[in-house]
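Engineer: Let me see the structure of the following:
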Amino acid sequence: MHVPWRLVASWHCDACGACCREYRVRLRAYEYLKLKGTALVEERANRFYLKKIGKLCPFQKGYLCSLRDSKPVACKLYPFSILKKGDERALFEYEGEEFFVYVDDFCKNVKLKKDLKPSAEILKKIEEAIEIVLGKRVKLNLLTAKLVSETPEPRLLHRRRLMV
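Structural biologist: Modelled structure (predicted):
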């Protein structure tokens, strides 16, 4: 279920890979064009999606994505969805423009709250997500798990990630 961002206390990615297994990734036009010559795209109701191989994303290697910064925008944003219309509780203003931001609580690391007071942690992550949507940013910082080589404290990662 997608909930307005104001109802989210915190979220972090721990590279569990559940989103890669459970969701069909919708592709933007330019992403489709890059992949259309491969067997990795499927069309449904005039929309294009990344085709699963069995239940897996073809780019999922263990718990991680082999595409890294080249992954589809939908993957970069998960669990966030950024829309042009929506519920007032989902309204987020960025550089004078209005966006409606939702968070998919399917992700086990989404922690909800009852009040509408903005969470500073979530605010920073939404800004990064909007910058990705607007094309101002390509590299992920706050919206993805860190690899061992990217973090000064490898013990922050789960042991199983170190074995991948």
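
Engineer: In a strand, Arg89, correct?
Structural biologist: No. Going by DSSP: H, G, I helix; E, B strand; the rest coil, the assignment for Arg89 is helix, not a strand.

Engineer: what comes up buried for the lengthiest strand in the chain?
Structural biologist: In the chain, with assignment by DSSP state E, the single longest strand is strand 97-104. For strand 97-104, the neighbour count (16 or more other CB atoms under 10 Å) marks 99-104 as buried. Where you see a C-beta, it was placed from the backbone N, CA and C, and this is true even at glycine.

Engineer: swap in stretch 47-63?
Structural biologist: 48-52, 57-60, 63.

Engineer: My guess is Leu83 contacts Leu91. True?
Structural biologist: No. Under the criterion of CB atoms under 8 Å, Leu83 makes no contact with Leu91, lying 10.4 Å away.

Engineer: shared neighbours, the two?
Structural biologist: Residues touching both Leu83 and Leu91 (CB atoms under 8 Å, 6 or more residues apart in numbering): 99-100.

Engineer: measure Pro72 to Lys61 for me?
Structural biologist: 16 Å (CB to CB, to the nearest Å).

Engineer: any idea of the mean pLDDT in the lengthiest helix in the chain?
Structural biologist: Criterion DSSP state H: the longest helix present in the chain is helix 120-133. The average pLDDT within helix 120-133 is 96.

Engineer: Could you pull out the buried residues of that helix?
Structural biologist: 122, 125-130, 132.

Engineer: All the strands of the protein, residue numbers only.
Structural biologist: Counting by DSSP E, the strands of the chain are 2-4, 8-10, 41-44, 47-50, 60-61, 64-65, 80-83, 91-94, 97-104, 111-112.

Engineer: wait, what's in contact with the residue nearest to Tyr63 when sequence neighbours are not counted?
Structural biologist: Spatial nearest neighbour of Tyr63, excluding adjacent residues (CB to CB, 6 or more residues apart in numbering): Gly17 at 4.1 Å. If a contact means CB under 8 Å, 6+ apart, then Gly17 has 60, 62-64 as its contacts.

Engineer: pLDDT score for Gly17?
Structural biologist: The score at Gly17 is 91. That number is its pLDDT.

Engineer: if I look at it, how far off is Ala90?
Structural biologist: Counting by CB to CB, the gap from Gly17 to Ala90 is 27 Å.
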